[in-house]
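>>> the sequence and its predicted three-dimensional model are supplied below.
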Amino acid sequence: MASLPRHQRVIISLSLHILRAAMVRSGEMRVDAVEVRLALRCLLPHCPERWPLELFWDAASQDNEIGRAQGTTAAFNGIVRQLRLAGRHED
């Protein structure tokens, strides 16, 4: 992770913060907002596979509260895993 420029590390961190907040709110309301879309777009070049990003967006727009919450949680975990495997995120 040290090989990434500081601004890229900040973008990744802020994007994860936005997605985590959306995941928490997803049990109450739809979270397919512009900031979520931007966060997903910012993470796109850092994730080797697209599926967790697409899954998060699809889940964020569901009308069913339980499905939305479960989908965003699973997708968020997948995104974090992708970033860790790519060496782009550390705890």
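Looks like it came in fine.

>>> low-confidence bits of this structure, can you list those?
The model of the chain has pLDDT under 70 over residues 1-2.

>>> now Met29: which helix or strand?
Following DSSP states H and E, one finds Met29 outside all helices and strands.

>>> can you list phi and psi of it for me?
phi -160, psi 170 (degrees, to the nearest 10).

>>> that one: neighbour count?
11 (other CB atoms under 10 Å). C-beta coordinates here come from the backbone N, C-alpha and C atoms, glycine included.

>>> try Asp58
Asp58: 14 surrounding residues under other CB under 10 Å.

>>> helices along this structure, start to end?
Under the criterion DSSP state H, the chain contains helices at 6-25, 34-43, 51-60, 65-85.

>>> so what's Gly67 closest to, chain neighbours aside?
In this structure, Gly67 finds its nearest non-sequential neighbour in Ala59, 7.2 Å apart by CB to CB, 6 or more residues apart in numbering.

>>> what sits against the one you found?
26, 67-68, 70-72, 74-75 (CB atoms under 8 Å, 6 or more residues apart in numbering).
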